Structure formats: C-alpha cells, structure tokens
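**Q** Sharing a model prediction with you, sequence too.
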2 protein chains.
Amino acid sequence: MSTQPAKGKSKTEILEAAVPLFAEAGFKGVTMRAIARTVGLNAATIYHHFQDKQTLYIAAMAHAFARKAEILSAALLSDAPPADRLEQFVAALCQLVHDDPDFGKLIQREILAGDAVRLRLLAEQVFREFFTSLVALCKELAPGYNPHMLAVSIIGLVAYHYQVIPLRQHQPGSKPEHNDPRFVTGHVTHLLLQGIMVRQGGEQKSSSAWTASG
Amino acid sequence: MSTQPAKGKSKTEILEAAVPLFAEAGFKGVTMRAIARTVGLNAATIYHHFQDKQTLYIAAMAHAFARKAEILSAALLSDAPPADRLEQFVAALCQLVHDDPDFGKLIQREILAGDAVRLRLLAEQVFREFFTSLVALCKELAPGYNPHMLAVSIIGLVAYHYQVIPLRQHQPGSKPEHNDPRFVTGHVTHLLLQGIMVRQGGEQKSSSAWTASG
DNA sequence: GTCTATATGCTGATAGAC
DNA sequence: GTCTATCAGCATATAGAC
C-alpha cells in the first residue's frame, strides 16, 4: 500500500517474480532461493517482506488473480443480444487464457492442491460474480438447459483447448493456428450456438457466429 | 513379468500404492518413505525394486494408464449410427473419469509438469489410437467442423466438468447430481448434437439424446 | 527381499552485522 | 532493507548385515 520510490525492491516486484515460477513448478517446486535469485535478492531478504513461504504464495495468487474477475464480468455486461454477448464472453476468455498462460496453470494447480479454504476463496472472491452473470446469460439464452451445467460447459470448451495444448500438439490434425484466440472463439461459439448437426448444404462460413466481432 | 507367489511384496503392489499418492500430491509431494509406509515396507526396500524415484514414477504412470486406451477405443468401434456412437463414447468417458479420479489428476499433473518426452509418450502411446478414431467419427458426423478441434471439444466438455468439481461446487446452482455420469452424458451429448438454440416449444426431454442408452 | 544405519545434499527459516 | 552465516529437518540414495 505504501509507495517506495526507488528504495530497494518492493513487495510487488517479489510477487511478479514469484507468480510465473509458481505457475511453472508449483508450491513445492519453487524454493525461496529461486524466487530471491529471480528478483535479484538474497533469500533471507524475502522473509523481511513476507512472514513465510505460504504467506508469499497466497499473496502471489491474489496478485495473479487480481483484475481477472472484472475482465470476465465486463464482457457479459453489454446490452447486445444474448448470442452476441455469448460470443463476446467467449472471445474475452480466449484472449485472457491465451495472453496469460500462468492464469490457467495456477487455477489448475489450486484445484489439484485441493486446499478447501483456498478453493472456497477462489470460487467466491474471483469467480462468483462473473459466473453468476454467465449463469444469467445461460438462462436467457437457453432456458431449456441447466444453467449451471451450461455455464461450466462454456468455460470448459475454451479453457480445455488451451490447457491441453502440450498434449494435443502431438495428435493428428493439430496446427498452430488452432491456438489463435479468434479461431478458438469461432469454433466454440459456433459449436455452442449451432451444435454438430449442420444442415446439409448449409454453409457455416456464412453464419454470423464465425465472424470475430460482428 | 516373473510371478512371485506369496514371496514378499511385488512391484505391482508398490505401483498400486504409489498411483493414488502421486495423483493426490504430485511427484515432489510424495516421498519414498510415504510410498513404503503405504505398502508396508521400509523405504530402502523400494530401491531393490526400482532404480530411483523417477523410474518408479514413470512405472506408476504406465500402470495407471494401462488399459485406459482400449476402454476409450472400444466405445467408438460399434456399428451404430454416428450420433449414437458419439453418445456411447461420451458415456464411456464420463464413466471412466468418474470411477477413476486418479486418471484425470495424473494427466493434469503431466500436462503441468511439461516434460516433453513424457508428454509425447502419453500422447502417442495412450491417446493416439482412440483420438484418431474420435477424429474419424467427427469427420463422419460433422463434416463442416474442423475434426481436430471438435474432437478436443468433445473430450473437454466431459473432462472439464469433472476436473473443476472442487471449484464449481462453491458456485450457485451446483448440485451433487451434476456429477452423475448419466447426467453429464445427457447434458454434453445434447449440447453437442443440438447446440444452444432450442426451438421454442421444443421439449428437449423427448429428444433421444437425453436418454442414457436407447 | 527386507532391514538398520548412514552419507550427502537441499530446504525453510532465524540471528545478527551493516 | 539487505546481507552472511548458520541451524535443524527432511529428502534421495547407498552400504552392508541378516
């Protein structure tokens, strides 16, 4: 909270060094010495800024997840028609996980770690608001579906594509373009809105769902 | 390979003790002592059966993934119509990840670990065959879609629902029934085949896609 | 095959000089 | 605020008795 003008390394610098390290190797895979080396400090100095490793880790999570919630919420709050809001949200989510791979990795690691307290905080303080907005959109867009399940499916379609890149890049038909946020947005939006059963003779490229933002 | 009739603990017993431990805590989160304690041995004895921890870990992965490939392939090889084969596959995948949570966790951990050699082995020796069959089904079922992307989407819709249970259980609208393989199968199959745009007045419960297996 | 004992290294964390 | 020096604990892995 207090500004530190050119007066030693700040807590923020330590956090910004720690986030990618924790994303890549997890809590036990990162040593205090490694974080200190990255930020250009001695390991003991970290303990002047943070009580212990656990405290530093939680602060790093909070720093990594800050502002993500409002980015996701914002895409859901336009006054466009429901189908367009869906596409805007899918596009925003694709862009987010594409531009910040650490974000997805840290969430996966938190899920695997399975700490009940931290998971509850993550669910309530980071995802609750935007998830509720997404559920509302699902109710409006597809009243026949279970809105909770549909919301999870929408997020999952995007998140999974980026999550399994290290595996699916070895599978037949994989191309680098498939990681382009616009390409994933087009695929996911069309699949959600139209489903698999394309009418024979139907030209899907002419569907408005394939265009990026209009 | 050699049978050991009632002659000390077998390698298989060690592997079957190690798999759930590695799934729960990851490579660095599991000590040789913990594995030994679980199987009822001294830590040093493990080194009589396995060269080192890394070798034991890879053997445990191979043991955990054995036979999974053919379970998934089998569901794709019936002579039913494409849409029914899709539902059979979705049902089989739901059942698999529901009955064996370790399976999904270990795959996630391997993806996060990011070892290029191990990921290539996993992709080629465990998933290649069934993924190729799924891509073929996608081409047959939905020629208008990119088959690679569609195959990933199908797997992702199922895998993601089970993967994020620890997070989505804290979100509004979550119910325990949503983890039932039959429920997830119904939701995913209907979403894939029909998409979101349900016709007004259409009664989705009457769709054959909602019924479990006929 | 299984054990005890132990070597060796790395880790989180602290004490205290500057 | 940052450093050096250091401790105590635990990890992997080995040596060798039984």
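**A** Sure thing, it's come through.
**Q** do you know how far residue A:58 is from chain B?
**A** Residue A:58 is 17 Å from chain B, where distance means C-beta to the nearest C-beta, to the nearest Å. C-betas here are computed from N, CA, C, even on glycine.
**Q** Next: residue A:9.
**A** From residue A:9 over to chain B the distance is 28 Å, taken as C-beta to the nearest C-beta.
**Q** Quick one: low-confidence residue ranges for chain A.
**A** Applying pLDDT under 70 to chain A flags residues A:1-8, A:198-214.
**Q** Which residue ranges of it form helices?
**A** Assigned by DSSP state H, the helices in chain A fall at A:11-25, A:32-39, A:43-49, A:53-65, A:68-74, A:82-99, A:101-113, A:116-121, A:128-141, A:147-163, A:165-168, A:181-194.
**Q** out of those, nearest to residue B:104?
**A** Among the helices of chain A, the nearest to residue B:104 by C-beta to C-beta is helix A:101-113 (10.0 Å).
**Q** what about the closest one and chain B, touching?
**A** Yes: using C-beta under 8 Å from any C-beta of the partner chain, we find that helix A:101-113 touches chain B at A:105, A:107, A:108, A:109, A:111, A:112.
**Q** can I get the helices of chain A in JSON lines with distance to residue B:43?
**A** JSON lines is the format used below for these (distance: least, C-beta to C-beta, whole Å):
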{"stretch": "helix A:11-25", "distance to residue B:43": "25"}
{"stretch": "helix A:32-39", "distance to residue B:43": "27"}
{"stretch": "helix A:43-49", "distance to residue B:43": "29"}
{"stretch": "helix A:53-65", "distance to residue B:43": "26"}
{"stretch": "helix A:68-74", "distance to residue B:43": "42"}
{"stretch": "helix A:82-99", "distance to residue B:43": "41"}
{"stretch": "helix A:101-113", "distance to residue B:43": "25"}
{"stretch": "helix A:116-121", "distance to residue B:43": "30"}
{"stretch": "helix A:128-141", "distance to residue B:43": "44"}
{"stretch": "helix A:147-163", "distance to residue B:43": "35"}
{"stretch": "helix A:165-168", "distance to residue B:43": "32"}
{"stretch": "helix A:181-194", "distance to residue B:43": "46"}
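**Q** Output those as JSON lines; include the columns mean neighbour count.
**A** Converted to JSON lines, these look like this (neighbours: other C-beta atoms under 10 Å in any protein chain shown):
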{"stretch": "helix A:11-25", "mean neighbour count": "19"}
{"stretch": "helix A:32-39", "mean neighbour count": "17"}
{"stretch": "helix A:43-49", "mean neighbour count": "15"}
{"stretch": "helix A:53-65", "mean neighbour count": "18"}
{"stretch": "helix A:68-74", "mean neighbour count": "16"}
{"stretch": "helix A:82-99", "mean neighbour count": "20"}
{"stretch": "helix A:101-113", "mean neighbour count": "19"}
{"stretch": "helix A:116-121", "mean neighbour count": "13"}
{"stretch": "helix A:128-141", "mean neighbour count": "19"}
{"stretch": "helix A:147-163", "mean neighbour count": "23"}
{"stretch": "helix A:165-168", "mean neighbour count": "19"}
{"stretch": "helix A:181-194", "mean neighbour count": "23"}
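**Q** nearest to DNA strand D, of those?
**A** Closest of the helices of chain A to DNA strand D is helix A:43-49, at 3.2 Å (criterion: C-beta to the nearest atom of the strand).
**Q** any idea how far that closest one is from the chain center?
**A** 30 Å (C-alpha atoms, centre = their mean, to the nearest Å).
**Q** what's it packed up against?
**A** Helix A:43-49 sits against helix A:11-25, helix A:32-39, with contacts defined as 3 or more C-beta pairs under 8 Å, 6 or more residues apart in numbering or on different chains; DSSP states H and E.
**Q** what does that helix rub up against?
**A** Applying C-beta atoms under 8 Å, 6 or more residues apart in numbering or on different chains, the contact partners of helix A:43-49 are A:9, A:11, A:14, A:32, A:33, A:35, A:36, A:56.
**Q** Of all pairs in those, which one spans the longest distance?
**A** Using C-beta to C-beta, those span at most 18.1 Å, a distance reached by A:11 and A:33.
**Q** quick one: is stretch A:146-157 near chain B?
**A** Yes: with C-beta under 8 Å from any C-beta as the criterion, chain B is reached by stretch A:146-157 at A:146, A:147, A:148, A:149, A:150, A:151, A:152, A:153, A:155, A:156, A:157.
**Q** Spatially, and excluding backbone neighbours, which residue is closest to residue A:188.
**A** In this structure, residue A:188 finds its nearest non-sequential neighbour in residue A:157, 4.6 Å apart by C-beta to C-beta, 6 or more residues apart in numbering or on different chains.
**Q** ok, the one you found touching residue A:185?
**A** No: in terms of C-beta atoms under 8 Å, residue A:157 does not count as a neighbour of residue A:185; the distance is 10.3 Å.
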